[in-house]
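Asks: need a structure here:
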Amino acid sequence: MGTRRIAVVGAGITGAAAAHRLVTSSADVVDEVVLFERDERVGGRIDGGPFAGLDSVDAGADAFLARVPDAVGLAHEVGLGDDLVHPEKVGAAVWFDGFHDIPEGLVLGVPGNPLALARSGLLTWRGKARAAAEPLLPRTSTEHDSIGRYVRARFGDEVHERLVDALVGSIYAADTDRFSLAEVPQLAALTEDRSLLLGARRIARRNAGTASADAAPIFATPRGGMRALATATVASFESAGGSLRSGTAAEIRRVGAAWEVGGERFDAVICTLPSDRIDAVVHGSTPIAPTETMDRADVVMVTLHVSEDEFPERFRGRSGYLVPKPVQRHVTAVSFGSQKWAHWRPPSGGEILRVSLGRDGAPILHLDDDEIVGRTLDDLRTHLGVALTPVEVRVSRWPGAFAQYRPHHRHQVEAIRSALDPGLFVAGSSYDGIGIPACVRSGRGFADCAVDFVEALAT
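Replies: Alright, predicted model coming up:
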């Protein structure tokens, strides 16, 4: 057999992780790995840059889960292990006609501490009574695979809308009534118990029992920003012998038993593009299952630098707040970035706020930047009670940033992958989980699949 080659299309974190895995763990099987990226920069939706006098403030994701090994492990492999930092120990809130501390003992919004929920002003007494009855209910079917339908059946509307949907909807830019329960592992695991509350209470107690000053932090990020993880991964890939083709919009063609990408021949291809772009770049192959039904949500991140005297003292010691859908206008969540991250404190003083807008069912990209900033400041005036006049503003647009996993999403993913011709693999957040660790895991996992495929060709 001649030179064995694998192409990776897309240099977001999924593709970067896949390419890095290929060159560092399969040199005895694969002779050459080429990473294609249509933009000049790598990282995809991971980006950031100078802001408020700082070298880098993230314009997209600002952290990854540190209690799962995937992203942390990759950071160590590419030389960033000693550069990881963690959020300050500050609390978050929910804005629902006023600020309410997030009750203790939640598992992605599911109550695990009945006393903390009873003391919270976030729910009405009717909502609290409905939630308190949850342990008495018979087991609820998950056959429908809808987060909202399941949580409403267990706890009623208030817990769902003001806690679960506020948290999960913020993480996934989702309408959880139309989002797959099975695709949120922490919630899906709770359904193994008859009572969701008792299951969450057990987990909350276990977490409390392991909490200590030196307990492992939940989140981490490189001090230089999340973009540093992508660029370091690609740099490590190149130093290990991989080839990067940036500024190249590579099309994928089936040619006999092999594949052609950017006019070059390959034995296998890992495509990490969003699902809605796959059909446009893959040619001469069996048609892929209808990816157009895999919906996506657009979001905008508005980053503000406000002066010290404008930021209300009463909001110090918080990492930010969520806005549940029943009281949303445009803003879905606000991060008090320079209180959340010590290394984001502007040299000239003041505070950095990162404001999220847009979600499934709430389009935002039709507005121009001035309209987006105006509506952001209007909402902040309602929430914070002050009219902010930021000294610096950055608007970051992210079209199709979040795949929306409709109920039974896994069935559609299986249909797509079963229709692929041999040697073509699809990976990334369209299919295998939203979040940096899930993308790293998907990329690395399908890198291993591609190596196995190429190795089998030689036997």
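
Asks: Remind me what the helix or strand of the chain with the lowest mean pLDDT packs against, helices and strands.
Replies: Lowest on mean pLDDT, DSSP states H and E among the helices and strands of the chain sits helix 196-210, with a mean of 77. Using 3 or more CB pairs under 8 Å, 6 or more residues apart in numbering; DSSP states H and E, the elements in contact with helix 196-210 are helix 147-155, helix 185-190. (Glycine included, C-beta is placed from N, CA and C.)

Asks: if you set the cut-off to 6 Å instead, what comes out?
Replies: Helix 196-210 makes packing contacts with helix 185-190 when contacts are defined by 3 or more CB pairs under 6 Å, 6 or more residues apart in numbering; DSSP states H and E.

Asks: got a list of contacts for the helix it packs on?
Replies: Outside helix 185-190, the residues within contact range by CB atoms under 6 Å, 6 or more residues apart in numbering are 108, 181-182, 196, 199-200.

Asks: how about it: buried residues?
Replies: Under the neighbour-count criterion of 16 or more other CB atoms under 10 Å, helix 185-190 has 187-188, 190 buried.

Asks: List the contacts of Gln328.
Replies: Counting by CB under 6 Å, 6+ apart, Gln328 has no contacts.

Asks: any idea how far it lies from Cys449?
Replies: Here the distance between Gln328 and Cys449 works out to 41 Å (CB to CB, to the nearest Å).

Asks: now, which of the buried residues of helix 185-190 sits nearest His343?
Replies: Among those, Leu187 lies closest to His343 (CB to CB), at 32.0 Å.

Asks: Heading C-terminal from the least confident helix or strand of the chain, find the next helix or strand.
Replies: Downstream of helix 196-210, the next assigned helix or strand under DSSP states H and E is strand 219-222.

Asks: Report the angle between the least confident helix or strand of the chain and helix 147-155.
Replies: Interaxial angle of helix 196-210 relative to helix 147-155 (axes from the mean of the first three to the mean of the last three CA atoms, to 10 degrees): 90 degrees.

Asks: what's next to helix 196-210, contact-wise?
Replies: 105, 107, 110-113, 134-135, 154, 190, 193.

Asks: Looking at those, which are in strands?
Replies: In strands, defined here by DSSP state E, there are no members of the contacts of helix 196-210.

Asks: Tell me the one of those nearest Val255?
Replies: Nearest to Val255 among the contacts of helix 196-210, with distances taken as CB to CB, is Leu190, at 48.3 Å.

Asks: so how far is Ala16 from the nearest residue to Asp267 once chain neighbours are set aside?
Replies: Nearest residue to Asp267, sequence neighbours excluded (CB to CB, 6 or more residues apart in numbering): Val454, at 5.0 Å. As judged by CB to CB, Val454 and Ala16 stand 20 Å apart.

Asks: same question, Ala7
Replies: Distance from Ala7 to Ala16, counting by CB to CB: 14 Å.

Asks: The two: who's more crowded?
Replies: Remark: of Ala7 and Ala16, Ala16 carries more neighbours, 34 against 28, as counted by other CB atoms under 10 Å.

Asks: which non-adjacent residue is nearest the more buried one?
Replies: Closest to Ala16 by CB to CB, 6+ apart is Thr233, at 4.2 Å.

Asks: hang on, isn't Ala66 packed against Pro222?
Replies: No: checked against CB atoms under 6 Å, the pair Ala66 and Pro222 is beyond contact range at 11.8 Å.

Asks: Show me which of those two is the more surrounded one.
Replies: Taking neighbours as other CB under 10 Å, Ala66 and Pro222 compare with Pro222 leading, 22 against 19.

Asks: gap between the residue nearest to Asp267 and Ala18?
Replies: According to CB to CB, Val454 and Ala18 sit 14 Å apart.

Asks: More neighbours: these two, which one.
Replies: Ala18 (35 against 22).

Asks: The strand or helix carrying that one packs against which elements?
Replies: Counting by DSSP H and E, the element that carries Ala18 is helix 13-25. Contact here means 3+ CB pairs under 6 Å, 6+ apart; on that basis helix 13-25 packs against strand 5-9, strand 32-37, helix 227-239, helix 436-457.

Asks: Redo the ones you listed as a markdown table? Include distance to Pro363.
Replies: Output for the helices and strands packed on helix 13-25, formatted as a markdown table (distance: least, CB to CB, whole Å):
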| stretch | distance to Pro363 |
| --- | --- |
| strand 5-9 | 28 |
| strand 32-37 | 28 |
| helix 227-239 | 27 |
| helix 436-457 | 25 |
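
Asks: Need the winner for burial among these.
Replies: strand 5-9 (a mean of 29; mean count of other CB atoms under 10 Å).

Asks: Residues in contact with it: which ones?
Replies: With CB under 6 Å, 6+ apart, strand 5-9 has contacts from 15, 18-19, 22, 30, 32-36, 250, 261, 266-271, 450.

Asks: The same query, at a cut-off of 8 Å, please.
Replies: For strand 5-9, the surrounding residues in contact (CB atoms under 8 Å, 6 or more residues apart in numbering) are 15, 18-19, 22, 30-36, 250, 252, 259, 261-262, 264-273, 281, 447, 450-451, 454.
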